[in-house]
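K.L.:
Below are the sequence and a predicted model; questions follow.
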Amino acid sequence: MQNTLKTTAVFTGFGLHSGAAVTMRVHPALIGHGIWFLRSDLTGTDARIPALWDAVVPSKLCTLVANAAGASVSTIEHVMAALAGSAISNALIEIDGPEVPILDGSSAPFVAGFLQAGIVQQAAPVTAIRVLRAVEVRDGAAVARLEPSDMLEIDFKIDFADAAIGRQAKTLNMANGAFVRELSDSRTFCRNADVIAMRERGLALGGTLENAVVFEGAKVLTPGGLRHADEPVRHKMLDALGDLALAGAPILGRYTGIRAGHALTNKLLRALFATPGAWMEQDCTGLAGGKLPGIGVHQGDLPARA
C-alpha cells in the first residue's frame with residue numbers, strides 16, 4: 001500500500017554547500033501525490049518542484065532539482081533515500097531555503113524523524129517500475145546499470161587511492177528494512193584536500209567534521225572514526241537509492257554501480273525511460289508489495305546512534 005506520514009516531521013540545520021540555516025517540514029500528502037518540494041521562501045513564482053528524474057539539472061557533488069520557473073532545491077539525495085527506505089510514497093517537503101539540511105551527513109536523522117511522526121498506510125496500492133531489460137550507461141571507468149530482478153538490489157564498488165578508503169564493494173537486497181538497518185547511518189565522505197579545494201570555490205561552506213567523514217591518506221580525521229569499516233561504499237549505496245527514488249516509484253530491478261555518482265545514476269534513469277520495452281508499471285500488493293524497500297520499518301531497525 002501507499003504510505004504517508006501521520007504528522008509533520010521537522011528538521012533544522014545547515015546546507016552542506018551553502019552553509020545557510022534552513023528549516024524543512026515534511027508534511028503528509030494524499031494518495032497519488034508523490035514527492036514534491038515547496039520553497040516557502042519564494043514569492044511571486046512557482047515554488048513547487050517535483051522530485052523526479054527529469055527535473056534534475058547538472059550540479060557539482062549533489063543532486064539538484066528545479067522547475068520551469070527556475071526554483072530549485074539541492075542536496076536532496078539523503079532525504080530522498082530516507083523516504084524510499086521508509087516506504088513513504090506521498091509527502092510535501094516544505095523548505096525555506098535552497099538546500100536540504102545536511103544534519104549528520106547521513107539519512108538516519110530523517111528516518112528517525114519520519115518514524116517519530118508516524119508512517120500510515122493509505123488505501124491504494126503502490127505502483128512500482130519493473131525493469132524488463134538491462135540498461136547501462138558509462139562515463140570513463142564509471143558504470144551504472146539496471147537489470148531485471150524481483151526486488152530492488154544494489155551492488156556497488158568504489159576504488160580510491162587513499163589508503164583509508166581503498167577498494168570497497170557491497171551488495172544488498174533492499175527489502176525488509178535493510179536500508180534503515182544497514183545503510184541509513186552511513187555519512188557522506190571526502191578527502192581533506194577536496195574540502196580545501198571546494199571551500200576555495202565557495203562550496204562545502206557548511207561542511208564540518210561533525211557532518212562528514214574526512215580522510216587524509218591513511219587517516220580518518222573525523223572524531224570517533226568510522227561507523228562501519230566500509231562506510232564509504234555504504235554511503236554510495238545510500239546516495240544511489242536516493243537518486244533512484246527520483247524514478248517517481250519504487251524500482252524492481254538490480255542496480256550496479258562501479259565508481260558511479262549522482263549524474264551517472266540520473267543518466268541511467270533517463271536511458272531506462274527512453275528505451276522501449278525496458279520497463280513496465282506494476283501494482284504491488286501482497287507478497288510483491290512486501291518486497292519493496294522500507295515496508296514494515298520500525299524503531300528497532302534504526303541504528304543505535306540515530
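P.N.:
Perfect, thanks for sending it. Residues are numbered from 1 along each chain as shown.

K.L.:
all contacts plus neighbour counts: C-alpha atoms, from now on.
P.N.:
Will do.

K.L.:
Backbone dihedrals for the closest residue to residue 21 other than its chain neighbours, please?
P.N.:
Distance criterion CA to CA, 6 or more residues apart in numbering; nearest residue to residue 21, sequence neighbours excluded, is residue 14 at 4.4 Å. Main-chain dihedrals, residue 14, degrees, to the nearest 10: phi -120, psi 150.

K.L.:
pLDDT-wise, which helix or strand of this protein ranks last?
P.N.:
Here the helix or strand of the chain ranked lowest by mean pLDDT, DSSP states H and E is helix 286-290, holding a mean of 60.

K.L.:
that older thread, what's the neighbour count on the residue nearest to residue 21?
P.N.:
20 (other CA atoms under 10 Å).

K.L.:
contacting residues for it?
P.N.:
By CA atoms under 8 Å, 6 or more residues apart in numbering, residue 14 lies in contact with 20, 21, 22, 100, 101, 102, 103, 206.

K.L.:
Looking at these, which one is closest to residue 5?
P.N.:
Set against residue 5, the nearest of the contacts of residue 14 by CA to CA is residue 100 (18.7 Å).

K.L.:
which strand residues sit across from residue 64 in the sheet?
P.N.:
residue 57, residue 74 (DSSP bridges).

K.L.:
Show me the shaky parts of this protein.
P.N.:
The chain contains residues with pLDDT under 70 at 196-209, 286-290, 305-306.

K.L.:
what are the ranges of the helices in it?
P.N.:
77-85, 108-117, 178, 192-200, 231-244, 262-274, 286-290 (DSSP state H).

K.L.:
Outside of the longest one itself, which residues are in contact with it?
P.N.:
Helix 231-244 is contacted by residues 63, 76-82, 84-85, 106-107, 154-158, 165, 168-170, 179, 182-184, 186-189, 251, 261-262, 265-266, 269 when judged by CA under 8 Å, 6+ apart.

K.L.:
redo that, cut-off 7 Å
P.N.:
Contacts to helix 231-244, defined as CA atoms under 7 Å, 6 or more residues apart in numbering, come from residues 77-78, 80-81, 154, 156-158, 168-170, 183-184, 186-189, 262, 265-266.

K.L.:
Now tabulate the helices of the chain in JSON lines and tack on mean neighbour count and distance to residue 50.
P.N.:
As requested, the helices of the chain are arranged in JSON lines below (neighbours: other CA atoms under 10 Å; distance: least, CA to CA, whole Å):
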{"stretch": "helix 77-85", "mean neighbour count": "27", "distance to residue 50": "12"}
{"stretch": "helix 108-117", "mean neighbour count": "22", "distance to residue 50": "19"}
{"stretch": "helix 178", "mean neighbour count": "18", "distance to residue 50": "27"}
{"stretch": "helix 192-200", "mean neighbour count": "14", "distance to residue 50": "28"}
{"stretch": "helix 231-244", "mean neighbour count": "27", "distance to residue 50": "13"}
{"stretch": "helix 262-274", "mean neighbour count": "20", "distance to residue 50": "15"}
{"stretch": "helix 286-290", "mean neighbour count": "13", "distance to residue 50": "24"}
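
K.L.:
Any chance of those in CSV with distance to residue 129 as columns?
P.N.:
Formatted as CSV, those follow (distance: least, CA to CA, whole Å):
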stretch, distance to residue 129
helix 77-85, 13
helix 108-117, 23
helix 178, 20
helix 192-200, 37
helix 231-244, 11
helix 262-274, 10
helix 286-290, 12
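
K.L.:
between the ones you listed, which one is nearest to residue 57?
P.N.:
That would be, of these and by CA to CA, helix 262-274, which comes in at 9.0 Å.

K.L.:
Against which helices or strands is the closest one packed?
P.N.:
Applying 3 or more CA pairs under 7 Å, 6 or more residues apart in numbering; DSSP states H and E, we find helix 262-274 packed against strand 135-139, strand 142-147, helix 231-244.

K.L.:
Of the contacts of residue 14, which belong to strands?
P.N.:
Among those, the residues falling in strands (DSSP state E) are 21, 22.

K.L.:
which one of the contacts of residue 14 sits closest to residue 46?
P.N.:
residue 100 (18.6 Å).

K.L.:
Phi and psi next, for the residue of the chain most remote from its centre.
P.N.:
Distance from the C-alpha centroid of the chain peaks at residue 44, with 29.8 Å (CA atoms, centre = their mean). Backbone torsions of residue 44, given as degrees, to the nearest 10, read phi 80, psi 10.

K.L.:
thinking residue 254 is in contact with residue 156, fair?
P.N.:
No. Using CA atoms under 7 Å, residue 254 makes no contact with residue 156, being 10.7 Å away.

K.L.:
so residue 256 bridges to which residues?
P.N.:
In beta-bridge terms (that is, DSSP bridges), residue 256 pairs with residue 145, residue 155.

K.L.:
my read: it touches residue 147, true?
P.N.:
No. Applying CA under 7 Å, one finds residue 256 not in contact with residue 147, separated by 8.5 Å.
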